[in-house]
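> All I have is the shape, not the residue letters:
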C-alpha cells in the first residue's frame, strides 16, 4: 500500500469513498500533491515531505494559518488533517497571470493585509536571520560544507534585520512564489501555508515582489494598495531590502534542501541562482541609500 493509499483509507470514513485515479499535481519541490475525488467532491491531498521540521516548518502553524485564511476567503477550505498530510478543497482555478499581477497587485495586497491584520497568533516565528543560522547548523551537522557565499549573505541578512527589526510580528505567509497564487472563481487565493509564522509584514511584500518580477512601478503600486496611501521613501527602501532578505532565505533553503532532501531536484543550482542574484544586489550602488532610508 502506498503512502497515498494509506492516507485515503483513513480519510474515506469522513470524506466519502474515493473514485477514479489520483492525479499528481505539479509544482511542489518539498511535498507531493494529488487531486483526489472523495465522496461528492474533489480535494487536494498533500503528502508531507521528509524532515520538513528542519526547514522551519510547523504543521500546527500551517493548519492555523490555512484555516484563518480560508475564513477570510483567501485560501481553499481545510477539509482534513492527517499525521502524514493535509487535505484542502480543490478549487477550479488557474495560476495567476504574473504580468497582470504586476499591473494590478491590489487583490493580493488586500489579501495579505487581511491576513496580517487577522490577529491569529501562530506558534512559531519566521525571521530570516535566525533561519539562516539554524540552517547553517543543520548543514554542518550533516557534514556538508556551506557555499563560500553563505557567511556574507548571513551577515547581510543580519544587517537588514537591524535596519528593519521585528518589533511587531504579524502572521505571514512567507512563501509567495507564483505557484502559490491562484486565480479562483471568486478572487485571488493563497495556497501552501507551510512556512507561515509570526514575522515582518514587509517580508511578505518583498517576497511577493522579488518572486514575481516586480519593477519599481509595480512595487509602488503594491505598497499603495497595501497601505492605502502613496509609499514613503522609507517604505520603498524597506521593500528593496526585504527583496534581498527573501533571496537570502531562498539561497539558504536550497543549501539545506540539498543536504536533507531525497527529491530529484537541482537544489544546488536553485541556491546558486539566488546567490548570484544576491551578488548583484550587494553590488548595487543604491544599497547604502536603501539602508539609510529604511532606517529612518
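Alright, I've got the coordinates. This structure is a prediction, so every number in the text was calculated from the model and none was measured. Residues are numbered from 1 along each chain as shown.

> Surely residue 131 and residue 255 touch.
No. Counting by C-beta atoms under 8 Å, residue 131 does not reach residue 255; the two are 11.5 Å apart. Quick note: C-beta positions are derived from backbone N, CA and C, even for glycine.

> more neighbours, those two?
The neighbour comparison of residue 131 against residue 255 (other C-beta atoms under 10 Å) goes to residue 255, with 28 against 22.

> Please enumerate residues in contact with the helix or strand hosting residue 64?
Following DSSP states H and E, the helix or strand that holds residue 64 is helix 59-71. Residues outside helix 59-71 that contact it (C-beta atoms under 8 Å, 6 or more residues apart in numbering): 48, 52, 75-78, 81, 86, 88, 115, 118, 120, 122-124, 171, 173, 190, 193-194, 196-197.

> Direction included, what does the helix or strand just after it pair against?
As assigned by DSSP H and E, the chain's next helix or strand after helix 59-71 is strand 78-82. Applying DSSP bridges to the sheet, strand 78-82 is found paired with strand 85-89 (antiparallel).

> May I see the buried residues of the strand it pairs with?
Residues of strand 85-89 classed as buried by neighbour count (16 or more other C-beta atoms under 10 Å): 85, 86, 87, 88.

> With stretch 263-281 instead?
Residues 267, 270, 271, 272, 274, 275, 277, 278, 281 are the ones in stretch 263-281 that count as buried (16+ other C-beta under 10 Å).

> Over to stretch 183-201?
Neighbour-count burial for stretch 183-201 [16+ other C-beta under 10 Å]: 183-184, 188-201.

> quick one: which of those residues is nearest residue 159?
Comparing those against residue 159 with C-beta to C-beta places residue 200 closest, at 14.5 Å.

> Leaving out the residues flanking it, which one is nearest to the closest one?
In space, and not counting its chain neighbours, residue 200 is closest to residue 166: 5.4 Å by C-beta to C-beta, 6 or more residues apart in numbering.

> And the one you found, its phi and psi?
Backbone torsions for residue 166, taken as degrees, to the nearest 10, come to phi -90, psi 70.

> just residue 145 next, same as before
Per-residue torsions, residue 145: phi -80, psi 140 (degrees, to the nearest 10).

> now the buried residues of strand 85-89 in TSV, with pLDDT and distance to residue 135?
Output for those, formatted as TSV (pLDDT from 0 to 100; distance: C-beta to C-beta, whole Å):
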residue	pLDDT	distance to residue 135
85	85	24
86	90	24
87	93	29
88	94	28
